[in-house]
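# After the sequence you'll find the predicted model.
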Amino acid sequence: MMRVNPPQKPAQGFILTIIVLLMMLGLLFAVGLGIYALSLDGTVREKFEGKRWAIPAKVYSRPLELYTGAAVSKSDVLAELKLLHYRAQSSYDSPGVYSEKNNELYIYTRGFVFSDDTEKSQVLKLQFQGNVLTDLASTQQNNKGIVRLEPLVVGGIYPKQNEDRVLMQLKEAPKYLEQALLATEDKNFYHHFGVSIRGTLRAIFVNLTSGELRQGGSTLTQQLVKNFYLTDERSIKRKVNEALMALLLEWHYEKKEILETYLNEVNIGQNGNRSINGFGLAAQFYFGQPISELSLHQVALLVGLVKGPSFYNPWRNPERALERRNVVLANLLNDGHITQSQFDKAKAKPLGILKTPTAGLSIYPAFLDVVRRQLKQEYKEDDLSSSGLRIFTTLDPRVQNSAQLSFNNQVTQLKARNGNRLANLQGSVVVANPESGELLAVIGGYGNFTGFNRALDASRQVGSLLKPAVYLTALATGQYSLLSPLDDSAVQVASQSGDVWTPENYDHQDHGLVPLYDALAHSYNQATIRLGMTIGVPEVIDTLKKLGVTQDMPNYPSLLLGTVNMSPMEVLRLYQPFATNGFQTSPRSIREVVDANGKRLTRYGLEVKQVYDPAALYLVNYAMQQTMRSGTGAAAYTRLPQDLVMAGKTGTTNDMRDAWFAGYTGNYLAVVWLGNDDNKATGLSGASGALPVWIDLMSRLKPTSLQAAQPDNVQWQWVDKMSGKLSAEGCDGAMYVPYLTSSIPVDQVPCAAEKDLLNDPINAVVNGAVNKVLDIFR
Amino acid sequence: MRIVVMMAMTTTLLLSGCQNLPSYSWPNSQTVTHPKTPPKLVAVKPAPQVIIEPVITREIPSEPTPPPVLTPVKPTPPVVAQPVRQLADGRDMPAVQNLLASAQHSLQQGKPEDAASSLERAQRLAPQSAAVYQKLAEVRLQQNRPVEAEQLARKGVAYAHNNSQQAALWRLVAIAADRQGKKDVADKVREKVMVLEAAGDRG
């Protein structure tokens, strides 16, 4: 710039010098600009050709499997369709739609690419009888006789910059999206080179007359550049960069490619601290539907939002949003893309957005937390938050939603009934399939999820939940049977330091001699302490370790009454082998992890391990079934069917600080805990606090009867309840009880001996069977 | 009425080439070859139970010993009818049989994880199916994961319907134990297999 100062010269020479200088300056500027542009070129191409976006890992629920004979009712399928935002219509003419006709349900599925197979978009016809899917037909050939609906997206593993995206391709764009966008944002898109002279001039004019930078006049390409490469600052330098980069982008890439990138990049909303970028995610966010399914009025709303997602936020400013949407519709009409009648119809439609946004915020945060914690042990943070992984979990929305309802209802009621005393009552529920170990539902607490996931983080005393391990250890010795008499009189235990401990029963009563099964069913402390002290605390600890408890357990008598801290998830793990005759399957929350290209990275397969003698467990199972029939869990049969076989155990800790219930049916294993975070007394017992949640949950699901396989060395016998002697069907006080074959009693009660004379043993089989058959007809 | 007409119209439009939707039933796969009697897939009727025989069991015990004679220590307890349980073994679910067949197909194609994936789907449908555990154990054996195979086969034993199925599962346990170098376990289990085979299945 120093040369601009010319030496004193005659006028002509002066002008000439100026011209030359200006030309040189111009040249210099052009070269400079060229060099500058070249430097920008690298930036432009690098980002456009590399990995354009960080795609957070998506977390899916289990897919609903449909097959003939599935225990799925019509309302189950309808609930699933609702979660997936399928629309009810009188005709099933496009994906994402279903029709109900008499007892038939037609679903036009969206299809989904699983790692092992692709479920094509197809029309399904379903017929039901009660709670069973009795007939299934499809328009697609299927050699498995089983169809999966697409799984529900339950959340994502988000990076720090809090962006999310559902990538879409131009070919997935619904009708009118491109026209609406161009008609509204950039009429000249297919004719300019990245910048529009007319638009820029208009913007300059507006900005000059108003005295401030108001209008952009940007092309789509410029908008893309602005979002993609530049910051939000408004300066001449940025404007120049934007124009140069827009030109470069157009120079290198096809219009279609730029448009597709724009569709995925543009900001169309905000969800908490997460920005909603791209039309794919926006379609999920505002309508809960895939972009390809959107109809005209929905497309118009999204396009309208581009101008100002916050200003036109349809939840906060519905009128503004509607007005803006109709402007977009008018643009389409004016440019001749839609007819007057299409315009009128679309304009008459309401906004049609969801009541609350779905995408982004997880509906099941505690379950997601369990998944995230496992993934973080095995994957790099960066891979999780940016590589577009897909995580297929075991979450069952049907069970999760039921658990949330049961839990929230109970806690809300308890709070309301008890005023301030239970104002801060908290709790947790975990549900798994006992046979596969698959985690179906996780409740981490009452109220908003704060990160403190009680299912994992609340380590609380378990109380009587440990008792089954005491009885199991005793039965496994072969020295005891379910009818062995136990002494439930008052008991004193001296500790090593000389202190005397006098544990009492919950009801402060002595019950004298009680059959072993009954002592567990009623959770008698005195009988349990006596039994445990006889077989030895270390033996009980050994059993607990075999069953999967990893905590350090003190070799104190109080352990027999449950002075061990465990989280609900750890209790779930402890109870799982009880439900499966000793085959442990650790709780699993993830089925598989698949990369962005659909390649399976990790599969978490079914693993089982025999950890305990099935015969002893089979017997304890009987006692825990009696807990439900006649013991501390008997309330269950006031709401659940009489023929449902289930087992469980209540747990209550000192001063009623913790209320537990752990129980299982054939298909569900659920643990419920209620208590205060600060460990203050709640006044709730396992039976009064936790059990009602469990019962309510089971009544919402379709529990199947527990059907443990009977081990070879177990036999059912008719035995006299009081004496433990052999009895016979029909004799007074006779019970039908399983025994280890090695410990079947020899002595008979008189009634059985008489019957024995009448029937020889072989006939007994036949008679027994005949009686069973007759029972049905009586 | 109008709705019905519309439905009918869309149906015909949609299903051109497949107009018999209402009575459509799952067709048989052309590619699945495994089961000796491929399950007939009629959507409504329960398929006859298919027991998948293990592929790997070609073991002939070297010294056939007579089954041990058991001497009762105590008087025989009265013979009492034992509870009859209907296990959730999927024998009336065509989908379970098809998933088993599909797993076998994957296994033959050298895709053991796909096979395991199908089998676990089957397990979810029929959690107490010995056939599913048997096949899962075979998959793990083929992948040279004998520890898992042994446990899966053991779990299957509990759900076996008859002696020959139990014997087949114990044979898998024996092979898996051998592969882990647990010769004593394998030998004991083989004795069990022999007893079961000698007893055979009535009916």
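It's in.

# Quick check: residue A:336 vs chain B, distance?
Computed with Cβ to the nearest Cβ, to the nearest Å, the distance linking residue A:336 and chain B is 29 Å. Every C-beta, even on glycine, is put in place using the N, C-alpha and C of the backbone.

# Near that residue, how many other residues are there?
Residues within reach of residue A:336, counting by other Cβ atoms under 10 Å in any protein chain shown, total 9.

# Residue A:70 too?
Taking other Cβ under 10 Å as the definition, residue A:70 ends up with a neighbour count of 22.

# What helix or strand is it located in?
Here residue A:70 sits in a region with no helix or strand, counting by DSSP states H and E.

# One more: the one 5 residues further on?
Secondary-structure assignment from DSSP H and E places residue A:75 in helix A:74-83.

# Return the list of helices and strands in contact with that helix.
Taking 3 or more Cβ pairs under 8 Å, 6 or more residues apart in numbering or on different chains; DSSP states H and E as the contact definition, the neighbouring helices and strands of helix A:74-83 are strand A:104-108, strand A:123-129, helix A:397-418.

# Dump those into JSON lines; add mean pLDDT as well.
Written out in JSON lines, the entries for the helices and strands packed on helix A:74-83 read as follows (pLDDT from 0 to 100):
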{"stretch": "strand A:104-108", "mean pLDDT": "95"}
{"stretch": "strand A:123-129", "mean pLDDT": "95"}
{"stretch": "helix A:397-418", "mean pLDDT": "95"}
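
# Reformat these into JSON lines and put mean neighbour count and distance to chain B next to each item.
As requested, the helices and strands packed on helix A:74-83 are arranged in JSON lines below (neighbours: other Cβ atoms under 10 Å in any protein chain shown; distance: least, Cβ to the nearest Cβ, whole Å):
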{"stretch": "strand A:104-108", "mean neighbour count": "22", "distance to chain B": "8"}
{"stretch": "strand A:123-129", "mean neighbour count": "20", "distance to chain B": "6"}
{"stretch": "helix A:397-418", "mean neighbour count": "18", "distance to chain B": "13"}
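
# Tell me how many other residues surround residue A:705.
The number of residues packed around residue A:705, counting by other Cβ under 10 Å, is 15.

# Phi and psi next, for the closest residue to it other than its chain neighbours.
Leaving aside its sequence neighbours, residue A:705 sits nearest to residue A:645 (Cβ to Cβ, 6 or more residues apart in numbering or on different chains; 4.0 Å). Main-chain dihedrals, residue A:645, degrees, to the nearest 10: phi -90, psi 120.

# Show me where chain B has its helices.
Assigned helices in chain B, in chain order: B:2-14, B:94-108, B:112-125, B:130-142, B:146-158, B:163-179, B:183-199 (criterion: DSSP state H).

# Residue A:672 looks like it's in a strand, true?
Yes - with DSSP: H, G, I helix; E, B strand; the rest coil as the criterion, residue A:672 is located in a strand.

# And it, how far from chain B?
23 Å.

# That residue pairs with what?
Beta bridges link residue A:672 to residue A:429, residue A:661 when assigned by DSSP bridges.

# And residue A:602, by the same measure?
Here residue A:602 shows beta-bridge partners residue A:593, assigned using DSSP bridges.

# how close does it get to residue A:380?
Residue A:602 sits 13 Å away from residue A:380, going by Cβ to Cβ, to the nearest Å.

# Check residue B:81 too.
Looking at residue B:81 against residue A:380, where the rule is Cβ to Cβ, the gap reads 60 Å.

# more crowded one of these two?
More neighbours surround residue B:81 than the other of residue B:81 and residue A:380, with 18 against 11 (other Cβ under 10 Å).

# Name the SS class of the single nearest residue of the stretch 401-550 of chain A relative to chain B, please.
Chain B sits closest to residue A:435 of the stretch 401-550 of chain A, with a gap of 3.7 Å, by Cβ to the nearest Cβ. In terms of secondary structure, residue A:435 is coil; the call rests on three-state DSSP.

# ok, it touching residue B:125?
No - distance between residue A:435 and residue B:125: 11.1 Å, which falls outside the contact criterion (Cβ atoms under 8 Å).

# residues from the stretch 101-250 of chain A in reach of chain B?
Residues of the stretch 101-250 of chain A lying near chain B by Cβ under 8 Å from any Cβ of the partner chain: A:101, A:115-116, A:123, A:125, A:134-139, A:141-146.

# which residues of the chain score low on pLDDT?
No chain was given, so I picked chain A. Scanning chain A with the threshold set as pLDDT under 70 gives A:1-10, A:51, A:159-163, A:203, A:206-217, A:232-234, A:358-362, A:756-778.

# Hmm, no, I was thinking of chain B.
By pLDDT under 70, the low-scoring segments of chain B are B:1-75, B:202-203.

# Could you pull up phi and psi at residue A:168?
phi -130, psi 150.

# And for it, the neighbour number?
22.

# wait, doesn't it sit right on residue A:280?
Yes - with contacts counted by Cβ under 8 Å, residue A:168 reaches residue A:280, the gap being 3.7 Å.

# what touches both of these two?
Overlap between the contact sets of residue A:168 and residue A:280, as judged by Cβ atoms under 8 Å, 6 or more residues apart in numbering or on different chains, is given by A:263, A:264, A:291.

# In helices, which of those residues fall?
Among the shared contacts of residue A:168 and residue A:280, DSSP H puts A:263, A:264 in helices.

# who touches residue 89 in this structure?
Going with chain A. With contact taken as Cβ under 8 Å, 6+ apart, residue A:89 is in contact with A:97, A:98, A:99.

# my question was about chain B
For residue B:89, the contacting residues are B:126, B:128, B:129, B:130, B:131, B:159, B:161, taking Cβ under 8 Å, 6+ apart as the criterion.

# Would you quantify the distance from the fifth one to residue A:388?
Applying Cβ to Cβ, one obtains 38 Å for the distance of residue B:131 from residue A:388.

# who's more crowded, the two?
Between residue B:131 and residue A:388, counted using other Cβ under 10 Å, the more crowded position is residue B:131 (29 against 18).

# got the contact list for residue A:732?
Taking Cβ under 8 Å, 6+ apart as the contact definition, residue A:732 lies against residue A:751.

# and what of residue A:723?
Neighbouring residues of residue A:723 by Cβ under 8 Å, 6+ apart: residue A:749.

# same deal with the one 3 residues further on?
Contacts of residue A:726 were listed using Cβ under 8 Å, 6+ apart, and they are A:717-720, A:744-749, A:752, B:77-78.

# In helices only, show me those residues.
Restricting those to those inside helices, with DSSP H as the criterion, leaves residue A:752.

# contacting residues for residue A:610?
Under the criterion of Cβ under 8 Å, 6+ apart, the neighbours of residue A:610 are A:582, A:583, A:584, B:151, B:154, B:155.

# That one pairs with what?
Following DSSP bridges, residue A:610 is listed with bridge partners residue A:583.

# And the residue nearest to residue B:157 when sequence neighbours are not counted, how close does it get to chain A?
In this structure, residue B:157 finds its nearest non-sequential neighbour in residue B:169, 4.7 Å apart by Cβ to Cβ, 6+ apart. Going from residue B:169 to chain A by Cβ to the nearest Cβ gives 12 Å.

# If I follow the layout properly, residue B:169 ends up in contact with residue B:161?
No - with the criterion set as Cβ under 8 Å, residue B:169 and residue B:161 do not qualify as a contacting pair; they are 10.9 Å apart.

# Run a quick neighbour tally on residue A:554.
When neighbours are counted by other Cβ under 10 Å, residue A:554 comes out with 12.
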